[in-house]
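>>> quick one, fold the following:
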Amino acid sequence: MNVFLLAHTPEPDALVAAAAKICYRDITAGELLKGEEKNLSRELIADLFKSGHLSTFEHVSFTFAIDGLSRVASHQLVRHRLASFSQQSQRYVKMKYDPEAVIIPDAIKNNPEAEKIFTEAVKKSQEAYKNLIELGIAKEDARFILPHGHSTRLVLTMNARELHHFFSLRLCRRAQWEIHELARQMLALCREKAPVLFEKAGPACIFGKCNEARSCGRPYKNMEDLLFD
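All right, here's what the predicted structure looks like:
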């Protein structure tokens, strides 16, 4: 899986702090970004996060390009409704006849017998797809035979508030392994561009108490434990 940050709102930390100023201070629009200090932004954003005043986070957005994600994971991803998605279409793009075009879970890859069963089934489905295409069947119909784990590509945009929500759910150890890895890479990229805004982004176990009804029993010790696990 490869995740790239295509674009983001300029100076995201300063912009969120500026949006908060309009709410809490007698200040004109033209003065919002004047004399912005990083220490002030840190204190203000920390107060916003603590009070739950996260509407100001919505003024900042991040756009990612993602390669090598399965459609198993992308189906989970699109459940995050406050986001924009542009995904490679299997109606218009002919899928590769290549076993490596299908994501293989480690649980299968590390079991020789299971991997053999998996790869044989993938080859058969891809051969069937190829044969259907050669018979003149439209790609949008031939794709029905393809594995659920077929690799896909997409562009994703989320605002900072939704990203916090996304990270809180998908960076939990109980999240599906693939979307967990996606979230981990996305958070690392976000923290590079907005270290203050995403200082406390992640699962509840890092910042307080686990919210899961069935805890994994292995809470992360800190952000480094999460990002470099």
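
>>> okay, strands next: where are they in the protein?
With DSSP state E, the ranges of strands along the chain come out as 2-8, 61-70, 83-87, 151-159.

>>> which elements pack onto the last one?
Read that as strand 151-159. Other elements packing on strand 151-159 under the criterion 3 or more Cβ pairs under 8 Å, 6 or more residues apart in numbering; DSSP states H and E are strand 61-70, helix 71-77, strand 83-87. All C-beta spots, glycine's among them, are computed from the backbone N, C-alpha and C.

>>> if we go to 10 Å?
With contacts defined as 3 or more Cβ pairs under 10 Å, 6 or more residues apart in numbering; DSSP states H and E, the packing partners of strand 151-159 are strand 2-8, strand 61-70, helix 71-77, strand 83-87, helix 160-170, helix 177-193.

>>> most packed of the ones you listed?
helix 160-170 (a mean of 21; mean count of other Cβ atoms under 10 Å).

>>> tilt between it and helix 177-193?
Helix 160-170 and helix 177-193 meet at an angle of 140 degrees, taking axes from the mean of the first three to the mean of the last three Cα atoms, to 10 degrees as the criterion.

>>> which elements pack onto helix 160-170?
So helix 160-170, by 3+ Cβ pairs under 10 Å, 6+ apart, packs with helix 12-24, strand 61-70, helix 71-77, strand 83-87, strand 151-159, helix 177-193, helix 204-207.

>>> which residues are in contact with the residue of the chain most remote from its centre?
Distance from the C-alpha centroid of the chain peaks at residue 135, with 38.1 Å (Cα atoms, centre = their mean). Applying Cβ atoms under 10 Å, 6 or more residues apart in numbering to residue 135 gives the contacts residue 142.

>>> swap in residue 98?
122, 123, 126, 151.

>>> about what we covered before: nearest to residue 221, of the helices and strands packed on strand 151-159?
Set against residue 221 and scored by Cβ to Cβ, these come closest in helix 177-193, at 15.4 Å.

>>> quick check: buried residues in the helix or strand bottoming out on mean pLDDT in the chain?
The least trusted helix or strand in the chain, going by mean pLDDT, DSSP states H and E, turns out to be helix 38-51, with a mean of 78. Buried residues in helix 38-51, counted by 16 or more other Cβ atoms under 10 Å: 41, 42, 44, 45, 48, 49.

>>> mind checking how far the third one is from residue 61?
What it means is residue 44. 20 Å (Cβ to Cβ, to the nearest Å).

>>> do the same with the first one
In this structure, residue 41 lies at 18 Å from residue 61, with Cβ to Cβ as the measure.

>>> same deal with the last one?
Computed as Cβ to Cβ, the residue 49 to residue 61 distance reads 18 Å.

>>> could you point out the longest helix in the chain?
Ranked by residue count under DSSP state H, the longest helix found in the chain is helix 112-134.

>>> now do that one: distance to the chain's middle.
The chain centre lies 29 Å from the centre of helix 112-134; the measure is Cα atoms, centre = their mean, to the nearest Å.

>>> out of the helices and strands packed on strand 151-159, flag the one nearest residue 110.
Closest to residue 110 of the helices and strands packed on strand 151-159, according to Cβ to Cβ: helix 177-193, at 12.8 Å.

>>> what helices and strands are in contact with the closest one?
The contact analysis (3+ Cβ pairs under 10 Å, 6+ apart) places helix 177-193 against strand 2-8, helix 12-24, strand 61-70, helix 71-77, strand 151-159, helix 160-170, helix 223-227.
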